[in-house]
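In: Attaching a predicted model along with its sequence, questions to come.
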Amino acid sequence: MVRRLRLGLFISLLLTGPALAQTATTEETPKAEAPTTETAAPEPAPDESAPVIDWTARATEAFAANYKEACAPQEPAERLEIRKPDIYEMKYRENSDTADQPDRMVTLYRFFCNSGAYNELHVFFMKDSYGELQPLTFAEPTIHVNYENEDSEGKVLGMKIIGMESHTRLVNSEVDAAKNTVASFSKWRGVGDASSTGLWVLKDGKFVLSTYDVDASYDGEINPINILDYRAENEILNETP
């Protein structure tokens, strides 16, 4: 009887053993997770670099468009666009700039306009610190000269400023980029004994008249008289004259 029971138990284990082993294996082995299919966000395309602007070409186009007639060459064989501008760069600071702000920069383009026997005319364009191109004008005093017997060859009795005017062309101009100045020396006749001289200084991104001298006597001597001088006011303001 005991042998029969043992034999039955043995047979039962043979029949159920693989099933139990399979069940244990199934419970112990975790189910494999399905692979993720998330797509990574595309990287933003790099910003295209800003196009390089040929400011000299732009200034030349503006000069040709605005002064084609006023600066027409006296010789028909000459062409206005042949002459390239003289280029000057100037650094400056405005009164509102803080110490940690970098210097501002402007670029001057000086174009030959035309010339006579003893004077040469120039026109200016400026690219300012904001990247804008604009024509320059220069303030000059309007003067009345009192000559003896109302004869321009006579003695100068006095001069008076009667107003201000604006000029787009400067005579015999000179630029000093280190001092941020533009100067003009206009001969009233070839020998230069009668003339007018102006000096303009870059202030807060604009050229302002600083000094103005006049030699109104046709006496064969170079003896100009200063009729306008703002340098003292600039020194009081602790600015560069």
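Out: Ah, there it is.

In: Count the neighbours of residue 173 for me.
Out: Each residue near residue 173 was counted by other Cβ atoms under 10 Å, and the total is 21. Every residue, glycine included, has its C-beta placed from N, CA and C.

In: so it touches residue 113, yeah?
Out: No: distance between residue 173 and residue 113: 10.2 Å, which falls outside the contact criterion (Cβ atoms under 8 Å).

In: which residues are contacting the helix or strand that contains residue 143?
Out: Counting by DSSP states H and E, the element that carries residue 143 is strand 138-147. Judged by Cβ atoms under 8 Å, 6 or more residues apart in numbering, the contacts made with strand 138-147 from elsewhere in the structure are 152-168, 170, 182, 184, 196, 198, 200, 207-209, 212, 214, 216, 227-228.

In: Any of those residues buried? List them.
Out: Under a neighbour-count criterion of 16 or more other Cβ atoms under 10 Å, the subset of these counted as buried comprises 156, 170, 182, 184, 196, 198, 200, 207, 209, 212, 214, 216, 227-228.

In: Just give me the closest of the residues you listed to residue 68.
Out: Within those, proximity to residue 68 (Cβ to Cβ) peaks at residue 170, which comes in at 18.9 Å.

In: quick one: what helix or strand has the closest one in it?
Out: When elements are assigned from DSSP H and E, residue 170 belongs to strand 169-171.

In: Then residue 89?
Out: Applying DSSP H and E as the criterion places residue 89 in strand 86-92.
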